[in-house]
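Enquirer: Curious how this folds, go ahead:
(2 chains)
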Amino acid sequence: DAKTTQPPSMDCAEGRAANLPCNHSTISGNEYVYWYRQIHSQGPQYIIHGLKNNETNEMASLIITEDRKSSTLILPHATLRDTAVYYCIVETSGSRLTFGEGTQLTVNP
Amino acid sequence: DAGITQSPRYKITETGRQVTLMCHQTWSHSYMFWYRQDLGHGLRLIYYSAAADITDKGEVPDGYVVSRSKTENFPLTLESATRSQTSVYFCASSESRWETQYFGPGTRLLVL
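Expert: Got it, this is the predicted structure:
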């Protein structure tokens, strides 16, 4: 069974915040939430990860609900270069990543 | 240049031929990984290595062989290529099992 559920596609206007949801209702206490993205034809790129607290870095913010059953990746000011497939991954460590289908985010001018 | 590189970037071969895809990283990361990505699918782990001379199977290891004699290199060999192995292959590395992975640019392999 899939550990995460993401919408297959989303659109966002350039300059607006992009909020990408992820459901992980069966997450266990020692599993982290990782987000990667893959721009067309390139290798995946790490964005952010967290356990239970909200996290922010120079690329994005990660909001994890209190029950940890879902999370949201926020790109605060989306640009055209943020058009990519975004993967939400739940794993106990960064070494055993299972990539699902992800969400195709399209940022429109 | 520092980072993770893959060669060749593009390869066309024939069924039954042996093919080796190279992966090289300059960070001295302990962990290295091989994934394949097929059209319309996410990445699937083929093999990974926790250190030199230590390798382990991933989700789809059949038909592939790996070795890790040096920390910085992790070649992937298709001993007898099949058409079903036509794919994009990504190599990745990470400093430890808890750290994030850094991916190479990929090798696009076509088996005729």
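Enquirer: Skipping adjacent residues, who's closest to the closest residue to chain B within chain A in space?
Expert: Of the residues in chain A, the one nearest chain B is A:G43, at a distance of 3.1 Å by CB to the nearest CB. In this view, the C-beta of every residue, glycine as well, is placed from N, C-alpha and C. Leaving out its chain neighbours, the residue that sits closest to A:G43 by CB to CB, 6 or more residues apart in numbering or on different chains is B:F103, at 3.1 Å.
Enquirer: and B:G16, how many neighbours does it have?
Expert: B:G16: 10 surrounding residues under other CB atoms under 10 Å in any protein chain shown.
Enquirer: would it count as being in a helix?
Expert: No: according to DSSP: H, G, I helix; E, B strand; the rest coil, B:G16 belongs to no helix; its state is coil.
Enquirer: for it, what are its contacts?
Expert: Going by CB atoms under 8 Å, 6 or more residues apart in numbering or on different chains, B:G16 touches B:S80, B:A81.
Enquirer: could you redo the last one with a cut-off of 10 Å?
Expert: By CB atoms under 10 Å, 6 or more residues apart in numbering or on different chains, the contact set of B:G16 is B:E79, B:S80, B:A81, B:T82, B:V111.
Enquirer: Equivalent analysis for B:N73, please.
Expert: B:N73 sits next to B:M22, B:C23, B:H24, B:Q25, B:M32, B:A52, B:S67 when contact means CB under 10 Å, 6+ apart.
Enquirer: Could you rerun that using 6 Å?
Expert: Counting by CB atoms under 6 Å, 6 or more residues apart in numbering or on different chains, B:N73 touches B:H24.
Enquirer: And the strands in chain A?
Expert: For chain A, the strands defined by DSSP state E occupy A:9-13, A:18-23, A:32-38, A:45-50, A:55-56, A:61-64, A:70-75, A:84-91, A:103-108.
Enquirer: So what touches the longest one?
Expert: Looking back up the chat, that one is strand A:84-91. In contact with strand A:84-91 (CB under 6 Å, 6+ apart) are residues A:3-4, A:6, A:20, A:22, A:24, A:27, A:31, A:33-39, A:97, A:99, A:102-105.
Enquirer: what do you get for the fifth one?
Expert: The list of residues contacting strand A:55-56 from outside it, by CB under 6 Å, 6+ apart, reads A:I48, A:L62.
Enquirer: Looking at it now, give me its mean pLDDT.
Expert: The average pLDDT within strand A:55-56 is 96.
Enquirer: go on, the third one?
Expert: In this model, strand A:32-38 has a mean pLDDT of 93.
Enquirer: in its sheet, what does it sit against?
Expert: Here strand A:32-38 has these sheet partners by DSSP bridges: strand A:45-50 (antiparallel), strand A:84-91 (antiparallel).
Enquirer: swap in the first one?
Expert: According to DSSP bridges, the neighbouring strands of strand A:9-13, each with its direction, are strand A:103-108 (parallel).
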